[in-house]
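Trainee: Need coordinates for the below:
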Amino acid sequence: MALKPEALDKVIHEPARLLIMTHLYVVTDADFVYLKRATGMTAGNLSTHLTKLEGAGFVKITKSFQGKKPKTTCKLTAKGRKAFEEYRKNILEVLKT
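Mentor: This next block holds a predicted model:
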C-alpha cells in the first residue's frame, strides 16, 4: 500500500521542526537553552519553529523565572506526542517502499 504524501504532517516534516520534535519526544521537558544547543539553531530560528509547533498544539511553552533569570521550558503535548508517533509510523512506511 503506497502512502500518500498528505499522510506526512507538514508541520512536523520540516527538518528543523522534526529535529525539535525528536528531542522533545525523548524527554519530559527541555529548556530553551538546551534545545538551542542540541539543535544548533539560533535563538530566533528556534523561537519561530517552536511558535509554529505551539500553534499546531504540538508543544506547550512555559515561561517562568529561575531567580531573576527568565526560563523558557518546552514539552510535547499529548496531541504532539500522538502526532509524532503517527509521523514516525508513516515515514517508516514510506521508507519500506
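
Trainee: what about the helices in the protein?
Mentor: 10-13, 15-25, 32-39, 43-55, 78-96 (DSSP state H).

Trainee: Kindly reformat those as TSV containing mean pLDDT.
Mentor: Output for the helices of the chain, formatted as TSV (pLDDT from 0 to 100):
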stretch	mean pLDDT
helix 10-13	94
helix 15-25	97
helix 32-39	97
helix 43-55	98
helix 78-96	92
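
Trainee: Which of the ones you listed sits closest to residue 72?
Mentor: Closest to residue 72 of these, according to C-beta to C-beta: helix 32-39, at 3.9 Å. To be clear about C-beta, it is placed using only N, CA and C from the backbone, and glycine gets the same treatment.

Trainee: on contacts alone, who are the packing partners of the closest one?
Mentor: The contact analysis (3 or more C-beta pairs under 8 Å, 6 or more residues apart in numbering; DSSP states H and E) places helix 32-39 against helix 15-25, helix 43-55, strand 69-76.
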